[in-house]
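Chemist: turn this into a model:
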Amino acid sequence: MATFQVEVVSAETSVLSVEAEAVYARSLDGEIGILPGHQPVLLALDIAPVSIVTTDQTIRLAVHNGFLYYQRDSLVVLADIAERAEDIDVDRARRRREELERRETREDAAVAASIRKQDVRLSLAP
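Modeler: The predicted model follows:
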């Protein structure tokens, strides 16, 4: 199967650089799958998992906002935060989520976004 280059970069570091057969992500407008030869696209990403399918594995990342750009068999994810599933501190994510749930200001958009971040981290935990 054909492949394309995938780069995932967070605000702090280069997270991943691989050849992939497919990438699945959630934009602010909904789910998207990118295969080799896809039309060029620039999307704002939601707080959600991103799955990168290579020839021998599926790499799952927690992505917290950012952009996905695909053009000519090259895909770049620029994210505020991007974490490989195996790098997520599950205990820390659980504690943080519990702390956020205890707050009285659950309607606060920042608190709701932070809870979603912890939920994404926990959904990827092995």
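Chemist: quick one: the strands in this structure?
Modeler: Taking DSSP state E as the test, the strands found in the chain are 4-10, 14-20, 22-27, 30-34, 41-53, 58-71, 74-84.
Chemist: quick check: mean pLDDT across the second one?
Modeler: Averaging pLDDT along strand 14-20 yields 96.
Chemist: partner strands of it and their direction?
Modeler: Next to strand 14-20 in the sheet, as set by DSSP bridges, lie strand 4-10 (antiparallel).
Chemist: and the strand it pairs with, what's buried?
Modeler: Under the neighbour-count criterion of 16 or more other CB atoms under 10 Å, strand 4-10 has 4, 6, 8, 9, 10 buried. Yep, even glycine has a C-beta here, placed from its N, CA and C like the rest.
Chemist: tell me the domain ranges of the protein?
Modeler: The chain breaks down by automatic domain parsing into domains covering 4-85, 88-124.
Chemist: if we can go back for a sec, and the buried residues of strand 4-10, which two are the farthest apart?
Modeler: Among the buried residues of strand 4-10, the pair separated by the greatest distance (CB to CB) is 4 and 10, at 20.4 Å.
Chemist: list of residues touching stretch 67-77?
Modeler: Identification of contacts with stretch 67-77 by CB atoms under 8 Å, 6 or more residues apart in numbering yields 2-9, 20, 23, 25, 27, 32, 34, 36-38, 40-45, 50, 61, 63, 66, 78-79.
Chemist: looking at the domains of the chain, which is buried most?
Modeler: Each of the domains of the chain was scored by mean neighbour count; the highest is domain 4-85, a mean of 16, by mean count of other CB atoms under 10 Å.
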